[in-house]
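S.K.: could you work out the structure for the sequence below:
(4 chains)
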There are 2 protein chains.
Amino acid sequence: MSKGQETRQRLLDSAQQLMYSRSYSDVGVQEICKDAKVQKGSFYHFFSSKSSLTVEVLEQLKMQMIKSILLPAFAKDLTPAKRFERFIEYAYHYQVQIQEEYGYVLGCPMGNIALEMSTQDEEIRKKVEMLFESIFHVFVDVLDDAKAVGEIDNNADTSELAQVCLAYGEGVLLMAKTKNDPEVVKQLLPHVSKLIGFKHK
Amino acid sequence: MSKGQETRQRLLDSAQQLMYSRSYSDVGVQEICKDAKVQKGSFYHFFSSKSSLTVEVLEQLKMQMIKSILLPAFAKDLTPAKRFERFIEYAYHYQVQIQEEYGYVLGCPMGNIALEMSTQDEEIRKKVEMLFESIFHVFVDVLDDAKAVGEIDNNADTSELAQVCLAYGEGVLLMAKTKNDPEVVKQLLPHVSKLIGFKHK
DNA sequence: ATTCTAGTTGACCGCTCGGTAAAGTCAACC
DNA sequence: GGTTGACTTTACCGAGCGGTCAACTAGAAT
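M.R.: Okay, here's the model as predicted:
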């Protein structure tokens, strides 16, 4: 990676970390630059605005999330139902680890930005909508698998169920953040199986 | 209401409306004052800080929400299951009306502030947690009714189910706001009956 | 009539915000 | 060895931030 690309990456990483642990508005360009050890002028050499930096942060966030949680959790070495159980464990442990590191449960980095910025920055809203779309597809895949092996009703609308799962997951993370308690994830997320309608044998 | 209390109320109303339609950080004390036609000095005569004003806004929000949506929707003139259906309709129409008025689906005013402020202002986080607690009790009541009339399993943990309902509702509103589409509410919220486990006769 | 006080006014504080501009540095390529 | 262009540095902009302050007004209580 060239020197410029390294600088750029440091800005993305600092922004991601700071915005996740606080909020978009509470973190300024100045602070991002200080954290990344980059001068403000350089910031605007790489990014046209705070908003466009954020769009790239969101893209990076999605890739990390898919690579480090979604794909491992939903790997096809287990039955779909078991994959969901694994996903719940991953989500729980991630929030536990975050709380240990920051002192706060931080919830979903995409959901956080979505609620804060959807009405204020159309580009950011669109981007988050697309991220959810990507995650949605991952869910559809597993649910289609579940249908194929007969774990769920053959007439189930997997596309709608995927949306339902996503919404429920976001809701649980919102509650966990509000209560600052990762146990909420462990306690509530398993109810997702009722939404999906797994046939318990 | 005395003159002072009227001024105070105007500040609360302006703050509530502006913060709901944008965000906590994006709305300044100055703008709230301008909207309420109050000088800044008066603001700090009534409220010790922007943060404490917000705590009072949240309290007001809770009362309005309970009085204008929760109590009417869950009134005991219908069976618990039907009450939930009515609640879904109310939630949907509220978001439709908001979108017509502001051009954006704004989601849940409490959830919005929860995600933005939970890690930044402990008093606000605590307050939101208490608001959710109040709403939680409303849900527990209906669910207990449902249990009493045999609409749900007699061994159901109504306390846990209430939390689940709340989380799901918040999640659905988050998705609706992100997609800026109130139809999300109409489409996804009915799935809550699967979480509750209504016995369809 | 005077005192008290709740409420109002508007100027002011230090600070940070997102963003700009211009000069300077350095390595690669001709 | 000179030129180019990517990258960096630093000073700067107007505006707005949350919050303070002292002077003022008006109405009620004494």
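S.K.: so how many other residues sit close to the residue of chain A found nearest chain B?
M.R.: Nearest residue of chain A to chain B, counting by CB to the nearest CB: residue A:171, 2.5 Å away. Any C-beta I mention is one placed from the backbone N, CA and C, and that applies to glycine too. Residue A:171 has 28 neighbours, counted by other CB atoms under 10 Å in any protein chain shown.
S.K.: repeat for residue A:175
M.R.: For residue A:175, the neighbour count with other CB under 10 Å is 27.
S.K.: ok, back up a step: wait, the residue of chain A closest to chain B sits on residue B:175?
M.R.: No. Contact criterion CB atoms under 8 Å: residue A:171 and residue B:175 do not qualify, at 9.0 Å.
S.K.: show me what from chain A comes close to DNA strand D.
M.R.: A:2-5, A:7, A:38-42, A:45-46 (CB under 7 Å from any atom of the strand).
S.K.: out of the residues you listed, which end up buried?
M.R.: A:7, A:38, A:46 (16 or more other CB atoms under 10 Å in any protein chain shown).
S.K.: now the strands for chain A?
M.R.: Applying DSSP state E to chain A gives no strands.
S.K.: how does it divide into domains?
M.R.: Annotated domains of chain A cover A:1-47, A:49-196 [automatic domain parsing].
S.K.: shaky segments in chain A?
M.R.: Chain A contains residues with pLDDT under 70 at A:1, A:4, A:201.
S.K.: number of residues surrounding the closest residue to DNA strand C within chain A?
M.R.: Closest to DNA strand C within chain A is residue A:28: 2.6 Å, counting by CB to the nearest atom of the strand. Using other CB under 10 Å, residue A:28 has 11 other residues around it.
S.K.: swap in residue A:88?
M.R.: With other CB under 10 Å as criterion, residue A:88 counts 20.
S.K.: for the nearest residue to it once chain neighbours are set aside, what are its contacts?
M.R.: When the adjacent residues along the chain are set aside, residue A:88 lies closest to residue A:189, with 4.6 Å between them (CB to CB, 6 or more residues apart in numbering or on different chains). Each residue near residue A:189 by CB atoms under 8 Å, 6 or more residues apart in numbering or on different chains is listed here: A:88, A:91-92, A:168-169, A:172.
S.K.: how about those residues, which pair is most distant?
M.R.: Farthest apart among these by CB to CB are A:92 and A:168. That separation is 14.5 Å.
S.K.: the two: who's more crowded?
M.R.: Shown here are residue A:92 and residue A:168; by other CB under 10 Å, residue A:168 has more neighbours (29 against 20).
S.K.: can you pull out the helices in chain A?
M.R.: Secondary structure of chain A (DSSP state H): helices located at A:3-21, A:29-36, A:40-46, A:50-65, A:71-73, A:80-102, A:109-117, A:122-148, A:158-179, A:183-188, A:192-196.
S.K.: and these as TSV, adding distance to residue B:78?
M.R.: Formatted as TSV, those follow (distance: least, CB to CB, whole Å):
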stretch	distance to residue B:78
helix A:3-21	43
helix A:29-36	53
helix A:40-46	58
helix A:50-65	42
helix A:71-73	41
helix A:80-102	34
helix A:109-117	32
helix A:122-148	33
helix A:158-179	25
helix A:183-188	27
helix A:192-196	23
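S.K.: closest one to residue B:125 among these?
M.R.: Nearest of those to residue B:125, taken as CB to CB: helix A:158-179 at 6.7 Å.
S.K.: quick one, that closest one and helix B:122-148 angle?
M.R.: 130 degrees (axes from the mean of the first three to the mean of the last three CA atoms, to 10 degrees).
S.K.: residue A:124: how many residues sit nearby?
M.R.: Residues contacting residue A:124 under the criterion other CB under 10 Å number 21.
S.K.: contact partners of stretch A:132-148?
M.R.: Under the criterion CB under 8 Å, 6+ apart, residues A:62, A:65-66, A:70-71, A:74, A:76, A:80-81, A:83-84, A:110, A:114, A:152-154, A:156, A:158-159, A:161-163, A:165-166, A:196, A:198, B:175, B:178 lie in contact with stretch A:132-148.
S.K.: can I get that stretch in PDB? Just the C-alpha atoms.
M.R.: Output of stretch A:132-148 as PDB, limited to C-alpha atoms (Å, rounded to 0.1, in the frame of the first residue of the first chain):
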ATOM      1  CA  PHE A 132     -29.000  -3.500   4.800                       C
ATOM      2  CA  GLU A 133     -29.800  -4.900   1.400                       C
ATOM      3  CA  SER A 134     -26.500  -6.800   1.400                       C
ATOM      4  CA  ILE A 135     -27.200  -8.300   4.800                       C
ATOM      5  CA  PHE A 136     -30.700  -9.000   3.700                       C
ATOM      6  CA  HIS A 137     -29.300 -11.200   0.900                       C
ATOM      7  CA  VAL A 138     -27.200 -13.200   3.300                       C
ATOM      8  CA  PHE A 139     -30.400 -13.900   5.300                       C
ATOM      9  CA  VAL A 140     -32.400 -14.900   2.300                       C
ATOM     10  CA  ASP A 141     -29.700 -17.400   1.400                       C
ATOM     11  CA  VAL A 142     -29.800 -19.200   4.700                       C
ATOM     12  CA  LEU A 143     -33.600 -19.100   4.700                       C
ATOM     13  CA  ASP A 144     -33.700 -20.600   1.300                       C
ATOM     14  CA  ASP A 145     -31.400 -23.400   2.500                       C
ATOM     15  CA  ALA A 146     -33.800 -23.900   5.500                       C
ATOM     16  CA  LYS A 147     -36.700 -24.200   3.100                       C
ATOM     17  CA  ALA A 148     -34.800 -26.700   0.900                       C
END
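S.K.: and for residue A:104, the neighbour number?
M.R.: Quick note: residue A:104 (other CB under 10 Å) scores 17 neighbours.
S.K.: quick check: phi and psi on it?
M.R.: Taking degrees, to the nearest 10, you get phi -140, psi 150 for the backbone angles of residue A:104.
S.K.: what's the closest non-adjacent residue to it?
M.R.: Counting by CB to CB, 6+ apart, residue A:104 lies nearest to residue B:119, which is 4.6 Å off, once chain neighbours are set aside.
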